[in-house]
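> curious how this folds, go ahead:
(chains A and B)
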Amino acid sequence: MIPELGLYSLILAGCLALATTGGGLAGAANPVLQRWVLSLTIGQWLFCALAFGALIWSFVTDDFSVAYVANHSNSLLPWYYKVSAAWGGHEGSFLLWILIMSSWMLALVLRSQNYPPPLVTRVLAVLGLMNLGFICFAVFTSNPFLRLIPMTPADGADLNPLLQDFGLIVHPPLLYCGYVGLAVPFAFAVAALLEGRVDAAWARWCKTWTNMAWAFLTLGIALGSWWAYYELGWGGWWFWDPVENASFMPWLAATALVHSLAVTDKRGAFKSWTLLLAIAAFSLSLLGAFIVRSGVLTSVHSFAVDPERGLFILLFLLAVVGGSLTLYALRAGRGVVHVSYGLLSREFFMLINNVILVVSLAVVLWGTLAPIGYEAITEAKISVGPPFFNVFYVPLGCALAAVLAVLPGINWKRTIAARLQPVLVAGLGGLLVAVLVWFVLDPASLTVATAVGLAAWVITSHAADLWGKRKALSRAYIGMTMAHLGFAVTIIGIAVTATQSVERDVRMLPQDTIELAGMKVTFLGVKAVEGPNYLAQQGVFVVSNGDTDFSLRPEKRRYLSGGNVMTEAGIRAGWFADTYIALGESLETAQGAWAVRLHYKPLVRWIWLGAVLMAFGGMFAVLDRRYRTLRARRPSADMAAALS
Amino acid sequence: MNPRRKQRLFMTSFVLVATALTVSLVFMALEQNMNMFYPPADVAEGKVPLNQTLRAGGMVLEGSVERASDSLAVAFTLTDYQGSDFVVTYTGILPDLFREGQGILVEGMLNQAGVFEAVEVLAKHDENYMPPELMDMPGTVSAATAAEPLPRLGERR
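Predicted structure coming up:
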């Protein structure tokens, strides 16, 4: 009964979404319809929440007559994994996607008094249309409430052991908040095109939502990377896997959008480009959904292959991209205002930033989709490996860091060269670090020294800038600086981890000792331990680095239902380095030999710490007063924009 | 030329040069870092270039996995169950889901002796999952689905 109610709620939410769209587009200027759209949106959220609640209920009560529950849960599963198993597969995760979509819409309703009613009505109408598409997709191709009656299994097939982890509880919701959140700037862009009005106020409104979505996406990606690192047992943190790329592409577009919006906000320039980026960011997040859910590409986390679903998303994607670009082509050229700026200006630096980000985006897009195109044309199957991406990302990352390091010395419009002096002085700090890195690292690497030196320069120049402006710092400025420092921290983490890690795959007998990056690792043996729904073989290792000893206990788990085997790495996390041990397989010998993977990963935490800094910076900036006193829209600016 | 047009010209050429540079670099890089995929039949018939990084795949032949007694070296045979197979050597830790009868991908080079020297072995984290590369290989789909009585709609991560 409850699952059926869930499905009805979902269908009702779809009907309300249709009404929101119809009402919003027809009556953006009509006060009655404006209020109607707000109420409809609240109703939509309510029914989406009910539908999602019904699914959670089915999981918590072990209702294995629901096919999705039977396939993704088991009565032995701890309760918190039963809840998170709701988004452990395609159908349920898409329901979560829909719930998050309607939650963003609800958030807009709650903040609606800050925007002109016609604008917010149009934005909600566009979002309603997107949600309608998502709900149709769920109802027609991926219904999570399908029943297995009368063939109800006695117990569920269990959740994939990889997903029985804290990572699953938080990673998908945060990531989806980012993915779906990009629909909001998209809707703002479409609404602006419909109204034919893009001004500084619009950019400021749009920026709040873009920052939040971008911050969630950043956190989601970082968490996914961290999860892959500790859960997959390979010790890697990024694999250029199609699904990772699927989340990275909208992130790059959103990052470009955040910067381009800043120019539109402060200087009224880059308007058309901003609109295009807003459209691109959301389209790329739909493309990501297509890549993940259609199974067209080999990936470590594809969902089960179903051509019908892939086709639906592809058609939806084409409709969204086609529709919005047509609108863009018809309307975008209208409000062109000329804003002049010199080479040494923030505007030009933002342009460089955007070019670098878009080039990065093109590289990922090309590397990800090339296998599909190649197969369609030549019928040969290819894969594109990490070397392809690395060739580009090392110079692009360095270039971005170099531009960023100079930024604090640059003014809007134009800058007198003498103003650059503090930045160049800060550059000496970076140079010092680079030289130090050059001599400390073994083997010495020019790339690492350059990357770390540039990142250090970003830190010194931003720190000097903060100090200089300490009396008049706005939250937006602090947020921006935090995000930039986060970027530098991530760059340092990546450069050092990628080149200075020590990785050893060895065969070890009990009592064997081997050396790893100056530490002595002793294997004491393997013992059997029992978890709530698995049996594990636990390896016991003692690591000694002179003055401190610690033990690491990696596990090889066999889950009781289904018999899946999973590696649980033993990790000693540190601010400056991680020690990471994973058990390979038992080498069937009488002495009890095991294949063991040992890693020493310096500064690997910095990659995620930097990302967290970036995300918090983005969120902190939103708290600025200039984004809260929103309603004022300068009529003169509007007129100018509308007339020119 | 007035300053406005000058600025626009400058911006446009900046963007165009960047684009052209990227496109040519992307093609060059792709050319060098693209790995072709070959099924067992191609490897067995000698259609595969030697000493060049590529991907191959197949099902691990039952009873073919041999471990060295003093190192992590391992050898196994990949087959399509249609009469074509080839030997793969690898040194290192095999993935959790590496099993006999499982469809896997290997990345590496084929040597003069016709042995595939793998640097990476990819087995997917779901016993029901078949890499798309192996999907249309004869014999593999039936072998994969036969093992599982209840079709799972599952996701692998």
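> and residue 37, how many residues sit next to it?
No chain in the question, so chain A it is. 29 (other C-beta atoms under 10 Å in any protein chain shown). From N, CA and C alone the C-beta is placed, and that goes for glycine too.
> other chain: chain B
22.
> tell me the strands beside the helix or strand containing it, with direction?
Assigned by DSSP states H and E, B:Phe37 belongs to strand B:34-38. Sheet pairing here is set by DSSP bridges, and for strand B:34-38 it gives strand A:381-384 (antiparallel), strand B:54-60 (parallel).
> winner for burial among those?
A comparison of these by mean neighbour count, using mean count of other C-beta atoms under 10 Å in any protein chain shown, puts strand B:54-60 on top with a mean of 24.
> state the mean pLDDT of that strand.
Model confidence over strand B:54-60, given as mean pLDDT, is 88.
> ditto for stretch A:366-381
85.
> cool, and stretch A:247-254?
Stretch A:247-254 comes out at a mean pLDDT of 96.
> repeat for stretch A:194-214
Stretch A:194-214 comes out at a mean pLDDT of 92.
> which parts of it are buried?
Of the residues in stretch A:194-214, A:194-195, A:197-214 count as buried by neighbour count, 16 or more other C-beta atoms under 10 Å in any protein chain shown.
> which of those residues fall in helices?
Residues of the buried residues of stretch A:194-214 located in helices (DSSP state H): A:194-195, A:200-214.
> how about the strands in the chain?
Defaulting to chain A. With DSSP state E as the criterion, chain A has strands at A:381-384, A:502-508, A:513-516, A:519-530, A:534-544, A:549-552, A:555-559, A:565-568, A:570-572, A:577-587, A:593-602.
> think we crossed wires, I meant chain B
With DSSP E applied, chain B shows strands at B:34-38, B:54-60, B:66-67, B:73-79, B:85-91, B:103-110, B:116-122, listed in chain order.
> out of those strands, which is the most enclosed?
It is strand B:54-60: most buried of the strands of chain B by mean count of other C-beta under 10 Å, with a mean of 24.
> just for chain B, where's the confidence low?
B:1, B:124-157 (pLDDT under 70).
> kindly report the residues of the stretch 401-550 of chain A close to chain B.
Contact residues (C-beta under 8 Å from any C-beta of the partner chain) of the stretch 401-550 of chain A with chain B: A:505-507.
> any idea how many residues pack against the residue in the stretch 51-200 of chain A positioned nearest to chain B?
Taking C-beta to the nearest C-beta, chain B has its nearest neighbour within the stretch 51-200 of chain A at A:Gly89, 4.6 Å off. When neighbours are counted by other C-beta under 10 Å, A:Gly89 registers 26.
> distance of it relative to A:Gly562?
The gap separating A:Gly89 from A:Gly562 is 14 Å, by C-beta to C-beta, to the nearest Å.
> go on, A:Leu217?
33 Å.
> more neighbours: which of the two?
Per other C-beta under 10 Å, whichever of A:Leu217 and A:Gly562 has more neighbours is A:Leu217, with 29 against 15.
> skipping adjacent residues, who's closest to the more buried one in space?
The shortest distance from A:Leu217 to any non-neighbouring residue, by C-beta to C-beta, 6 or more residues apart in numbering or on different chains, is to A:Gly178 (2.6 Å).
> run a quick neighbour tally on the nearest residue to A:Ala280 once chain neighbours are set aside.
Ranked by C-beta to C-beta, 6+ apart and with sequence neighbours excluded, the top spatial neighbour of A:Ala280 is A:Ala253, at 4.9 Å. Neighbour count for A:Ala253, taken as other C-beta under 10 Å: 27.
> so what's A:Ala253 up against?
A:277, A:280-281, A:284, A:357-358, A:361 (C-beta atoms under 8 Å, 6 or more residues apart in numbering or on different chains).
> closest one to chain B out of the residues you listed, please.
A:Val358 (8.8 Å).
> buried residues in stretch B:36-53, which are they?
By neighbour count, with 16+ other C-beta under 10 Å as the criterion, the buried positions of stretch B:36-53 are B:36-44, B:48, B:53.
> got the CA positions of it in PDB?
Coordinates of each C-alpha in stretch B:36-53 appear next as PDB, following Å, rounded to 0.1, in the frame of the first residue of the first chain:
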ATOM      1  CA  MET B  36      42.400   0.200 -29.100                       C
ATOM      2  CA  PHE B  37      40.300  -2.700 -27.800                       C
ATOM      3  CA  TYR B  38      40.700  -6.100 -29.200                       C
ATOM      4  CA  PRO B  39      38.700  -9.300 -28.500                       C
ATOM      5  CA  PRO B  40      40.400 -12.700 -28.100                       C
ATOM      6  CA  ALA B  41      39.800 -13.600 -31.800                       C
ATOM      7  CA  ASP B  42      41.900 -10.700 -33.000                       C
ATOM      8  CA  VAL B  43      44.700 -11.400 -30.600                       C
ATOM      9  CA  ALA B  44      44.800 -15.100 -31.500                       C
ATOM     10  CA  GLU B  45      44.700 -14.400 -35.300                       C
ATOM     11  CA  GLY B  46      47.600 -12.000 -35.000                       C
ATOM     12  CA  LYS B  47      45.600  -8.900 -36.000                       C
ATOM     13  CA  VAL B  48      47.000  -7.000 -33.100                       C
ATOM     14  CA  PRO B  49      50.000  -4.700 -33.400                       C
ATOM     15  CA  LEU B  50      53.000  -5.700 -31.200                       C
ATOM     16  CA  ASN B  51      54.600  -3.600 -28.500                       C
ATOM     17  CA  GLN B  52      52.000  -1.000 -28.500                       C
ATOM     18  CA  THR B  53      49.700  -0.200 -25.500                       C
END
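> tell me which residues are up against it.
Contacts to stretch B:36-53, defined as C-beta under 8 Å, 6+ apart, come from residues A:380-383, B:35, B:54-58, B:78-80, B:82, B:84-86, B:105, B:107-112, B:114, B:116, B:133-134, B:137.
> now chain A, which segments are flagged as low pLDDT?
For chain A (pLDDT under 70), the answer is A:295-306, A:334-337, A:589-590, A:629-644.
> residue nearest the middle of it, spatially speaking?
A:Leu217 (3.1 Å; C-alpha atoms, centre = their mean).
> the strand holding B:Phe37: how far from the chain's middle?
Its chain's C-alpha centre and that of strand B:34-38 lie 7 Å apart, by C-alpha atoms, centre = their mean, to the nearest Å.
> also stretch A:518-533?
The chain centroid and the centroid of stretch A:518-533 are separated by 34 Å under C-alpha atoms, centre = their mean.
> buried residues in that stretch?
Going by 16+ other C-beta under 10 Å, stretch A:518-533 has these buried residues: A:519, A:521-523, A:526, A:531, A:533.
> all good on my end, thank you.
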